[in-house]
Structure formats: structure tokens, C-alpha cells
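# Show me how the following folds:
(chains A and B)
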Amino acid sequence: MKHRLQFTAKKLVRMALLLLGVSLTAFLLMDASPLDPLRTNIGQAALGTMSPEQVARLEDYWGVNTPAAERYLGWLSSALRGDLGVSLLYRQPVLTVIGQRLAVSVWLLVFAWALSGALGLALGVLAGSRRGRWPDRLIRGTCLILYSTPSFWLALVLLMIFSVWLRVLPIGLSVPIGGTADSVTLLERLHHAVLPALTLSVAGLPGVALHTREKTADVMDSDYVLFSRARGERGILRRHVVPNVLLPAMTLQFASVGEIIGSSVLVEQVFSYPGLGQAAVSAGLGGDMPLLLGITVITAALVFGGNLTADLLYGVLDPRIRRGAAKG
Amino acid sequence: MEPILSVEHLSVSFTRYRRGLSRAELSAIRDLSLTVEPGQVAAVAGESGSGKSLLAHAILHILPRNAKAGGSILYDGAPLTPDRAAALRGREISLIPQGITYLDPLLTVGAQLRRGRTDPDTRSRCRKVLERYGLGAETEGLYPFQLSGGMARRVLIAAAVLDSPRLIVADEPTPGLDVKSARRVLGHFRELAEQGAGVLFITHDLKLALSVADKLVVLREGRTVDELPAADFRRGQGLTHPYTRALWQAMPEHRLW
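Okay, the predicted model is just below:
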């Protein structure tokens, strides 16, 4: 137990350092961006018609004249007090914006994460246990093609097939156009989420499947599977192969949270899906420093949380770590 | 006595893809013949690379898929077909493998020995067989990584004799053990043979093989070179084959100079 606590404490310190580094990097990158927030958000034409006082007020609002160090330290000191500031684009507290966007994205992310994980695992075990035969060749070939397909391109292709040609699924957004928020039904929301969720799942699937296939093949070649066969055991796949494959697959699955969030940025952009990924893009392009840093820090924490969960679960599920830790 | 196992002109070869698409046949066992009688410990000795482990796997029909076996294997007088081997594996024919990597790292010793069965009869047999090799009830709850080398070896032997097999194939069961533990393992083989089982003891350690075997089969490059009573070899008499004679002379205690 003491060991587990120590482990968690160490991880939390590491997480604090990570978030600090990530926020600083995001800030520096943004500061180095050649985009002028005034020109991108207000427009060259509008700026030309404004008086110098108005422009100066806007420059103050977007923080153009404040030194970089002061801006970052200012953000950091409020962030440490739990205040992530107010989004410059949306004129709402950053946490409110992130909360709204995350509520839209989270089902997409969870669905894609679960589907790519479960299906990837099943296909990987199937391919790995029938190595060299046709199911393996089919699954491996398909996965290699999908693996080398950029997710945004896949999104465009799916859009063309299902929305333009077949007209069975909406072309974008998370709700139908022209209705009020409370008139939207759950079914309509699901209808709009199908394509982005599918794209995200397909983007995550081949990595899981190919990794699981390799691991399954290793386990099938292992001495202990050979010995189980020598002892005339039945159900070797279920008793020996799956548990030994599941353990590393689980780590990979929790570590893939980052990849799913990463591809959601592009996929949401293609589908004009108003989720967290899309907000990140507008914050980055629009020079909305508080929002971008807020999103960066929160997604980094989510990714870290995923990895931490994997580490903790490993300690619970793997007897070598569980018993080893209990002894030492 | 009628042999329980007789291997006649066994050959095992592998198909490998070389660079490009050319295939190469790699012969691991070329012409291997031997017999094991009930109540007998037959030691198969040969240097590494002489195809010893493959012999064990060929008998149990658990060769890798890219391996091709020729010749014939008779068990109890009838050909050991893949179906028959599958039915006999773990019941009448047991394998004692080389080491701890042959145990599933995620299952406890008890669970592996019982092969997923939980009925009281299997449980009590499992307990008894562990006791027989000096392993207490607590061993059942241990995971393979918690076993010492000697314990692991005894667990593997226990797994092999759980079903009172008639033929035991032991594939290099002693490396890594100190002399005392190795002798104890061999003592168990002797005991199993005295209870009527045939034991095929595969090893590269000639001296160890001689200390327990009734019969010695000498392998070289996948061929049976010689098959002779172990007592003859111990005395150094009647060694007709030059390779066997060379082996005998190579043993430190037989060096005259």
C-alpha cells in the first residue's frame, strides 16, 4: 500500500512538471506565430476604419503590447489559483467553453476509443492466432492500408460516400441546422455523430489491431503455449493467449487517449463538429491565448490520466508487479 | 518386452524462405531411430543442435507449422497419428519441458496444474502430486516468477505425472540445477520408471545421463549413431561405433593421460 501511494505521489509531481512544460511550449509557439490577432479576428478592412484609440483598446484586449513573460506569468499565477481566464474569442470563462465543447466531444472520443480498442483487440487476436492464413492476410492488409491513410482524408472520403452520394448522413455539425437547442432530439445528435465517430474509430483501429496481432503471434510461439498443447489442454486461446495479450494491449489502449484526441482535432475540423478539437483550432488561429492554453493543459491532463490509469491497472492485474510490490 | 515407444527413421525438416522467394529445406533430424520399453529410462545424448528438442516435439506432434516430419513413430505398437497424439497428450504421454518459461506467467501453479478444472478429485490429485515432490500446499498459490529454479523443475515434473502417464518425455530437465538437485530430479525419473512408465530422457550431459539410464542413444547431427545398454558404456566395453568410443574417451575419468 505504501508503495502504491509513493508511486502515485511521484506520478503527480511528474504530471505537474509536464503540464508546466506543455503550457509553456504552447505559449511560446503561439507567441512565435506570425498571425496578428487583430487582423485575423477583426479584419484588415475594419481595422482601417477605426480610430487609433479604438485600435489601441483592441490591442490591449488581445494583449499585443504586453511583454510575453508578463503574459505567461500572469496566466500561470491565475491558473495556479484555478482560474484559467476568459476566452478572448468567445468572451466566456475558458472553463465554461471547454466544458461545453468537451460535452460535445466526449461521446465521440469515448465511442471511438472503445470501438477501436475492442474491435482492434478482437481482430488482432484473430489474425495473430491464424498467422499466415487468409484471415491474417486480410486483416493485416486492410490495417496497413488504413494505418497509412490520413484521418482527415478518410473523413473526406466518408463524407463523399455517405453524405454526398448516398445522402444518408448529415454533412456536418453536431445538430440539424435551423432548430433551437431544446428541440434537438438524442437521435438527431447520434445521427450527426456517426460519421466523425466512425472516422475516429477507423483511424485508431489499425494501430491496436496490428500491435495485438504481433503480441498474439509472440504468445502463440511461447514456451507456455507449447507446453499447454503438450499437456492436451483445451481452450488455450481463452486461458493462456488472451490474458497474456490483454495486459500489454490495455496499456496501449490507455496510452492511445492522446492519439484519439489528436486525430479528433482534424476530424472535427472536417465535419465542422463543434467539439474541443475545433475549439483548439480556432483558438490557435485566432490568437486566443487563454483558451488555447486551457485546452492544451486539460487535454494533456487527460492524456496523462490515461497513462496513469494504465500504470495503476497494470499493478493490479499483473501478478508479477502486484506480488512483487507487496513483498518489497 | 514390447517397446512403449519406437521411433523409426524419423526425419524433421523446416521450410524457410531465404532472401527473395527461394525456399530452403533445412534438415534438423535426418535418420533417428530408438525404442523405449516400459520401466526403462532411455537417455538420448547429443551435442546441441543435434535435434534433441525436436525429437520430443515430434513425438508429441507439437512441431511448429513450418516443420515437416517423416519416418514413423509407434506408440504401444500402433502408429502415433496426429489425432491419436492429440488424444494421448497430457494423459498417457507427458512432456517435462526445459524450464520455467514453459509456465504461463499469469496463472498460479495450482491453476496450471489443474488445467482449468476445479473438481475435488483434480484438486486432491494436484495437492498429492505436489506433496510427492516436496512442495507444500502454498505452492499452488504461487505464480511462476515466485518459484526458485529447483522448485520450478519439480512443478514441471509434477505437471507431467499428474495423470500417471505411461510415457514421459523429459527434454533437458536439469540445466541450471546444482548437482544435488539434478540428482534428485533424476531420482524421480528412476522412480517413475520403476512404477512402469517408459522415460525418454533427453540431455546433452552424458555423465548425468549415465547415472540414471538403462539405455543410451547417441545422436549426432540428427542421426542415431549408436544405441547401447548404459552399463556397457559405463564399463567402456563393447563400444563398436567410433563416435561412441570417442565420446567415452572424452569423459574426464576415462582419460588415461
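
# need the contact list for B:L26.
Residues in contact with B:L26 (Cβ atoms under 8 Å, 6 or more residues apart in numbering or on different chains) are B:S13, B:F14, B:T15, B:R16. Where C-beta positions appear, they are placed from N, C-alpha and C, glycine not excepted.

# now do 10 Å
Residues in contact with B:L26, defined by Cβ atoms under 10 Å, 6 or more residues apart in numbering or on different chains, are B:V12, B:S13, B:F14, B:T15, B:R16, B:N66, B:A67.

# Throw those into a markdown table and include secondary structure, thanks.
Listed next are the contacts of B:L26 as a markdown table, based on DSSP: H, G, I helix; E, B strand; the rest coil:
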| residue | secondary structure |
| --- | --- |
| B:V12 | strand |
| B:S13 | strand |
| B:F14 | strand |
| B:T15 | strand |
| B:R16 | strand |
| B:N66 | coil |
| B:A67 | strand |
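
# Name the nearest of those residues relative to A:I177.
B:N66 (59.8 Å; Cβ to Cβ).

# Quick check: the closest one vs chain A, distance?
B:N66 sits 9 Å away from chain A, going by Cβ to the nearest Cβ, to the nearest Å.

# Quick check: phi and psi on that residue?
Dihedral pair for B:N66: phi -90, psi 10, per degrees, to the nearest 10.

# I'd say it and B:A24 touch.
No: using Cβ atoms under 10 Å, B:N66 is not in contact with B:A24; the gap is 11.3 Å.

# Show me the longest helix that occurs in chain B.
helix B:179-194 (DSSP state H).

# going on from that helix, what's the next piece of helix or strand?
strand B:198-203 (DSSP states H and E).

# Can you name the next helix or strand after that next one?
Scanning onward from strand B:198-203 (DSSP H and E), the first element met is helix B:206-212.

# for whatever helix or strand comes next after that next one, packing partners?
Once helix B:206-212 ends, the next helix or strand along the chain (criterion: DSSP H and E) is strand B:215-220. Packed against strand B:215-220 by the contact rule (3 or more Cβ pairs under 10 Å, 6 or more residues apart in numbering or on different chains; DSSP states H and E) you find strand B:23-36, strand B:41-45, helix B:52-59, strand B:198-203, helix B:206-212, strand B:223-229, helix B:230-235, helix B:242-250.

# Pretty sure A:L247 sits in a strand.
No: under three-state DSSP, A:L247 falls outside any strand and is assigned helix.

# neighbours around it, how many?
When neighbours are defined as other Cβ atoms under 10 Å in any protein chain shown, A:L247 has 16 of them.

# Reduced to three states, what does the residue in the stretch 101-250 of chain A that chain B sits nearest to come out as?
Nearest residue of the stretch 101-250 of chain A to chain B (Cβ to the nearest Cβ) works out as A:G232 at 3.1 Å. What three-state DSSP gives for A:G232 is coil.

# hmm, which two among the contacts of B:L26 are most spread apart?
B:V12 and B:R16 (13.3 Å).

# Can you report how many residues lie near residue 10?
I went with chain A, as the question did not name one. Neighbours of A:K10 using other Cβ under 10 Å come to 10.

# my bad, the chain I had in mind was chain B
23.

# That one is in contact with B:S33, isn't it?
Yes: contact criterion Cβ under 10 Å: B:L10 and B:S33 qualify, at 7.1 Å.

# what about A:A279, which SS state?
Per three-state DSSP, A:A279 ends up helix.

# got the contact list for it?
So A:A279 contacts A:87, A:89-90, A:97-98, A:100-102, A:104-105, A:265, A:268, A:288, A:291-292, A:294-295 (Cβ under 10 Å, 6+ apart).

# Excluding chain neighbours, what is closest to the closest residue to chain A within chain B?
For chain B and chain A, the shortest gap (Cβ to the nearest Cβ) falls at B:G90, measuring 3.1 Å. Among residues not flanking B:G90 along the chain, A:G232 sits closest, at 3.1 Å (Cβ to Cβ, 6 or more residues apart in numbering or on different chains).

# right, and that neighbour touches B:A159 too?
No: counting by Cβ under 10 Å, A:G232 sits too far from B:A159 to count as a contact (11.6 Å).

# So which of these two has more stuff around it?
With neighbours defined as other Cβ under 10 Å, A:G232 and B:A159 compare such that B:A159 has more, 27 against 19.

# Can you give me the distance of that one to B:I93?
Note on B:A159: its distance to B:I93, by Cβ to Cβ, to the nearest Å, is 13 Å.

# hey, what's in contact with both of these two?
A:A230, A:R231.

# Where does A:S264 sit, in terms of helix or strand?
Judged by DSSP H and E, A:S264 forms part of helix A:257-270.

# follow-up on the earlier one: what about B:V12 and B:R16, which has more around it?
More neighbours surround B:V12 than the other of B:V12 and B:R16, with 23 against 11 (other Cβ under 10 Å).

# can you pull the contacts of the more buried one?
Counting by Cβ under 10 Å, 6+ apart, B:V12 touches B:26-30, B:32, B:51, B:54-55, B:57-58, B:63-64, B:67-71, B:222.

# Tally up the residues packed near residue 65, please.
You didn't say which chain, so I picked chain A. With other Cβ under 10 Å as criterion, A:N65 counts 8.

# The intended chain is chain B.
9.

# you'd agree it is up against A:A217?
No: B:R65 is beyond contact range of A:A217, at 11.9 Å (criterion: Cβ under 10 Å).

# Now for those two: what residues contact both?
Joint contacts of B:R65 and A:A217 (Cβ under 10 Å, 6+ apart) are A:R131, A:G132.

# Now render the contacts of B:L26 as TSV, adding pLDDT.
Converted to TSV, these look like this (pLDDT from 0 to 100):
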residue	pLDDT
B:V12	89
B:S13	87
B:F14	85
B:T15	81
B:R16	76
B:N66	82
B:A67	85
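
# Any of the residues you listed buried? List them.
Buried members of the contacts of B:L26, counted by 16 or more other Cβ atoms under 10 Å in any protein chain shown: B:V12, B:S13, B:A67.

# Same list as before, those that is, but in a markdown table and with distance to A:L166 included.
Shown next, in a markdown table, are the buried ones among the contacts of B:L26 (distance: Cβ to Cβ, whole Å):
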| residue | distance to A:L166 |
| --- | --- |
| B:V12 | 56 |
| B:S13 | 55 |
| B:A67 | 51 |
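
# Show the contacting residues for the residue lying closest to B:T101 once chain neighbours are set aside.
Spatial nearest neighbour of B:T101, excluding adjacent residues (Cβ to Cβ, 6+ apart): A:D223 at 4.2 Å. By Cβ under 10 Å, 6+ apart, A:D223 lies in contact with B:P97, B:Q98, B:G99, B:I100, B:T101, B:Y102, B:L103, B:D104.
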